[in-house]
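# coordinates only, sequence not included:
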């Protein structure tokens, strides 16, 4: 215990992602004896884990639930350190920003926000399509998709960019639902094609 305390002092780490990874691995073992090393490097008592699944879920519940929901790989690529530290506020913020980045990659546009989405998906000749874009239903679906992304930007990216975490708090349940919606958007972007 003393060795863990000395080696896992947060002040010894410049790379927060590495620190959180190591802390998670240690906590997978510690939870079998009823302890948890918090992000300040202090041991806290917890209920003992009875099996490996419980241990994994307890150490990184947020990430584990997203994995169980089969969240799109982009969520994990763009938000890994935020997921490891179970930082809901910044996980959502990074995940929402990932949408704009992927749209820019696919469309080769350089704008941002609503302008990016409008140019990529809307108008008489959009750059990207998420379906055949032939029937009224398909065109309506495309418009709805663009509006969904713009709504996500307005509600979550803009809010998190302008409000401190202590003012705009987010629960685990809400963060999981938002991340699931972002995962759906990434799945549709993955199959989008250029017109």
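Right, received. Where do you want to start? Computed from a predicted structure; not experimentally measured.
# From here on, just use CA atoms for contacts and neighbour counts.
Noted.
# after the worst-scoring helix or strand of the chain on mean pLDDT comes which helix or strand?
Lowest mean confidence among the helices and strands of the chain (mean pLDDT, DSSP states H and E): helix 158-162, at a mean of 64. Using DSSP states H and E, the helix or strand that follows helix 158-162 in sequence is helix 172-190.
# next one: phi and psi at residue 25?
phi -60, psi -40 (degrees, to the nearest 10).
# What about residue 113, how many residues nearby?
16 (other CA atoms under 10 Å).
# For residue 143, which residues are in contact?
121-122 (CA atoms under 8 Å, 6 or more residues apart in numbering).
# all strands for this protein, in order.
35-37, 43-45, 128-129, 193-194 (DSSP state E).
# mind putting those in CSV, mean neighbour count and mean pLDDT included?
Formatted as CSV, these follow (neighbours: other CA atoms under 10 Å; pLDDT from 0 to 100):
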stretch, mean neighbour count, mean pLDDT
strand 35-37, 21, 87
strand 43-45, 13, 88
strand 128-129, 22, 96
strand 193-194, 14, 90
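# out of those, nearest to residue 91?
Closest approach to residue 91 among the strands of the chain is made by strand 35-37 (21.6 Å; CA to CA).
# Let me know the pLDDT of the nearest residue to residue 71 once chain neighbours are set aside.
Of all residues not flanking residue 71 in the chain, residue 183 sits nearest, at 5.5 Å (CA to CA, 6 or more residues apart in numbering). Residue 183 carries a pLDDT value of 97.
# Any buried residues in stretch 25-45, and which?
Neighbour-count burial for stretch 25-45 flags 26-32, 35-37, 41, 43 (criterion: 16 or more other CA atoms under 10 Å).
# nope, stretch 97-105 is what I was after
Buried-residue list, stretch 97-105, by 16+ other CA under 10 Å: 97-101, 103-104.
# about what we covered before: got the strands of the chain as TSV, with distance to residue 172 columns?
As requested, these are arranged in TSV below (distance: least, CA to CA, whole Å):
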stretch	distance to residue 172
strand 35-37	19
strand 43-45	21
strand 128-129	33
strand 193-194	34
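# from the buried residues of stretch 97-105, which ones fall inside helices?
Cross-referencing those against helices under DSSP state H gives 97-101, 103-104.
# of those residues, closest to residue 136?
residue 103 (23.4 Å).
# nearest to residue 73, of the strands of the chain?
Among the strands of the chain, strand 193-194 sits nearest to residue 73 (CA to CA), with 19.0 Å.
# Which neighbours in the sheet does that closest one have, and how are they oriented?
strand 128-129 (antiparallel) (DSSP bridges).
# now the partner strand, how far from the centre of its chain.
24 Å (CA atoms, centre = their mean, to the nearest Å).
# before we move on, what about stretch 78-92?
6 Å.
# and it, average pLDDT?
82.
# re the thing from before, okay, the ones in helices among the buried residues of stretch 97-105 in CSV with distance to residue 66 next?
CSV is the format used below for these (distance: CA to CA, whole Å):
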residue, distance to residue 66
97, 18
98, 16
99, 17
100, 21
101, 21
103, 22
104, 25
